[in-house]
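Asks: Starting from these lines, generate the structure:
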Amino acid sequence: MTVPKAIMKCIQIVALSAFISPSFAHAESVSVKYRGVVELAPFSCQWISRSSLVERLCYDSTEQYVIVSLNGTYYHYCEVPSYVVSDWKGADSMGRYYNSQIKGRYDCRISKVPSY
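Replies: Sure thing, here's the model as predicted:
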């Protein structure tokens, strides 16, 4: 049985793409309220299971930039020092820490927003 050239070419392309695709994979991206879509490649992200408010915390220490999922909506905070993120991760209540130490501070409207 001979396979037509067009079908053989398709088989080769599909087989080759299985090896090439991983190197061209795109980083995960999320839609951030008041910002738009941001790729998370430069971030260190952590899913949070012990908070009823904070679901995911992503931090880019180079830019001091936080993206956080609060009840399913991603928000961003600018010029956040690494010790604040560390304290936040270690807080007894991440929601209370957010409300007292993050919310209303590190406003990206008045701070440097990274240009990813």
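
Asks: quick one: pLDDT of the nearest residue to Phe43 once chain neighbours are set aside?
Replies: Excluding its sequence neighbours, the residue lying closest to Phe43 (C-beta to C-beta, 6 or more residues apart in numbering) is Cys58, at 4.0 Å. C-beta: built from backbone N, CA, C; applies to glycine. Per-residue pLDDT puts Cys58 at 98.

Asks: just Phe19 next, same as before
Replies: pLDDT for Phe19: 40.

Asks: and if you look at the one 3 residues further on?
Replies: Per-residue confidence for Pro22 comes out at a pLDDT of 45.

Asks: these two touch, right, Tyr59 and Val66?
Replies: Yes - shown here, Tyr59 and Val66 form a contact pair, counting by C-beta atoms under 8 Å, at 5.4 Å.

Asks: what is in contact with the two at once?
Replies: Val80, Val85 (C-beta atoms under 8 Å, 6 or more residues apart in numbering).

Asks: pLDDT weak spots in this structure?
Replies: 1-26 (pLDDT under 70).

Asks: Excluding sequence neighbours, find me the nearest residue to the spatially most central residue of it.
Replies: The residue lying closest to the centre of the chain (C-alpha atoms, centre = their mean) is Leu40, at 3.4 Å. Once flanking residues are discounted, Leu40 sits nearest to Glu28: 4.9 Å by C-beta to C-beta, 6+ apart.

Asks: quick one: contacts for the one you found?
Replies: So Glu28 contacts Glu39, Leu40, Ala41 (C-beta under 8 Å, 6+ apart).

Asks: which residue ranges form the helices in this structure?
Replies: 5-20, 82-90, 94-97 (DSSP state H).

Asks: How many neighbouring residues does Ser86 have?
Replies: 11 (other C-beta atoms under 10 Å).

Asks: Distance of it relative to Asp92?
Replies: For Ser86, the distance to Asp92 (C-beta to C-beta, to the nearest Å) stands at 14 Å.

Asks: Repeat that for Ser29.
Replies: For Ser29, the distance to Asp92 equals 32 Å [C-beta to C-beta].
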